[in-house]
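[1] quick one, structure for this:
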Amino acid sequence: MHKSKKSCTFAHLSVRTMKKVTVIMPNYNHARYLKERMDSILAQDYPEFEVVVIDDASTDESVAVLNEYAAHPRVKKLIVNETNSGNTFVQWQRGLAEADGEYIWIAESDDVAEPTLLSRLVEAIEQKEATLAFCHSRWIDNKGKPISRSLDPIWKHDFSMAGATFIRQYLLGYNTICNASAVVFKREALAAVDMYQVEQFTASGDRLFWIQLALQGRVAYVADSLNKFRQHTDKVSGTAEAKGLNIVQDHTIYQLVAPLLNLTSGEKNRICGYHWKAMHRDSVSEEGRINALQAWGVEPEFGRLSFLFYLLHRAKEKC
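    As a prediction, the model looks like this:
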């Protein structure tokens, strides 16, 4: 199936008009995954891409592994920071400053891609006239074994929609673009992204980043599993969730974005209900729940009743 889609992708594009993609791969202490990751990037069947690699002062063998790829013709630059920035989104910004491509793919260093990821997502952007496109991700554990997850009907089929609609439905509750490795976007849309603001949200900056991009146009989704999203215990998000930091930052983002979208009462209840549920997860400490409640408690819709709105909405989505 993918071979026929590939021929369709490139049939109408000459080598002269093929748009270049810049792949940004930020890394910190993922030496054990880097060979598989770099090989999956360099194996992409899309014919025009460059790779910018940024190591954030890793303390493992990452730099030694990355040096093996530094001379590859696809690798534009290998940047090794002298000191650790402590902020993923600072590394994104550094990579974006080096990008020459018309499209961008931020390929996280512990994930894995199918060879057709770039070609399929660039095709989706161009066919749907979208600002960004993302694909379904299979979740894997530390050893690369699949993690079973249920899938709502909407995620089983390709679709596209206006960015504002996508934000209202899929970015203010659960962040459905939960892995940068599954996304390709237009570099020109970055003109409307405030990276300094994104960098302030150390736990939820990706959510704000996708929102600011989506506001610029359409969002396209490819239902095929072209990305493997690795889950492990040393992720920054684990500590952030325990302290409720991501839930608190999600509220600040909600306050920034909600006035732009004219949300209905039902939408506000659904979004508040999701975060009410999030603060009661076992992974959130008592301190984290207090922090989350102080943030979201100012919303009149927030509480157990909003959680019931959320559950009703989820039941409809699963039908």
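
[2] from here on, just use CA atoms for contacts and neighbour counts.
    Noted.

[3] low-confidence stretches in the protein?
    1-17, 233-238 (pLDDT under 70).

[4] rerun that using 80 as the cut-off
    Where the chain drops to pLDDT under 80, the residues are 1-18, 233-238, 319.

[5] and it, what are its domains?
    Domain segmentation of the chain under automatic domain parsing yields 2-233, 237-317.

[6] and those as a markdown table, adding mean neighbour count?
    Listed next are the domains of the chain as a markdown table, based on neighbours: other Cα atoms under 10 Å:
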| stretch | mean neighbour count |
| --- | --- |
| domain 2-233 | 18 |
| domain 237-317 | 18 |
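
[7] what sits against Asp158?
    Listed by Cα atoms under 8 Å, 6 or more residues apart in numbering, the contact partners of Asp158 are Ala220, Tyr221, Val222, Ala223.

[8] which other helices and strands does the host helix or strand of His136 contact?
    Per DSSP states H and E: His136 is located in strand 132-140. Contact analysis of strand 132-140 by 3 or more Cα pairs under 8 Å, 6 or more residues apart in numbering; DSSP states H and E lists helix 117-128, strand 183-186, strand 218-230 as its packing neighbours.

[9] ok and it relative to strand 218-230, angle-wise?
    20 degrees (axes from the mean of the first three to the mean of the last three Cα atoms, to 10 degrees).

[10] for this protein, what spans make up the helices?
    With DSSP state H applied, the chain shows helices at 2-11, 31-42, 62-67, 88-98, 117-128, 163-170, 195-200, 205-214, 236-242, 245-261, 265-279, 286-296, 304-317, listed in chain order.

[11] quick one: closest of those to Trp105.
    helix 117-128 (8.1 Å; Cα to Cα).

[12] returning to that earlier point: need the helices and strands packed on strand 132-140 in TSV with distance to Pro153, can you?
    TSV is the format used below for the helices and strands packed on strand 132-140 (distance: least, Cα to Cα, whole Å):
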stretch	distance to Pro153
helix 117-128	20
strand 183-186	20
strand 218-230	10
